[in-house]
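[1] give me coordinates for this.
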Amino acid sequence: MANKGKLEIDRERCKGCLLCARSCPVKVLDADTATNSWGYYPIKAVAEEKCIACGNCYLVCPDVAITVYKL
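    Numbers count the residues shown, from 1 in each chain. Alright, predicted model coming up:
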């Protein structure tokens, strides 16, 4: 059985570089359509039910805006 994960994204820390979306093997993340207070389009989970808690998004995030929990 595959691991399941839950993401916590800090919208105010995220600058929308999309490194996390590119590193996700199951395509859980994508850019949001609404800006944060800095004017950036932060990342959002578009298919969190597919998350396998690999932690790639956490590892590549330069702003430490993502936390991954293994369920």
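
[2] and Cys24, how far is that from Asn56?
    In this view, Cys24 and Asn56 are 6 Å apart by C-beta to C-beta, to the nearest Å. In short, each C-beta sits where N, CA and C put it, glycine included.

[3] next: Lys70.
    If you go by C-beta to C-beta, the gap between Lys70 and Asn56 works out to 13 Å.

[4] next: Lys6.
    Distance, Lys6 to Asn56, by C-beta to C-beta: 15 Å.

[5] equivalent analysis for Gly5, please.
    Between Gly5 and Asn56 the computed distance is 11 Å (C-beta to C-beta).

[6] buried ones in stretch 49-65, by neighbour count?
    Of the residues in stretch 49-65, those buried by neighbour count under the rule 16 or more other C-beta atoms under 10 Å are 51-54, 56-58, 61, 65.

[7] among those, name the ones in helices.
    Residues of the buried residues of stretch 49-65 located in helices (DSSP state H): 56-58.

[8] all helices for the chain, in order.
    Secondary structure of the chain by DSSP H: the helices cover 19-23, 56-60.

[9] who does the last one touch, helix- and strand-wise?
    Spelled out, it's helix 56-60. The contact analysis (3 or more C-beta pairs under 8 Å, 6 or more residues apart in numbering; DSSP states H and E) places helix 56-60 against helix 19-23, strand 66-70.

[10] so which of these is the most packed in?
    Between the helices and strands packed on helix 56-60, helix 19-23 has the highest mean count of neighbours, a mean of 17, where neighbours are mean count of other C-beta atoms under 10 Å.
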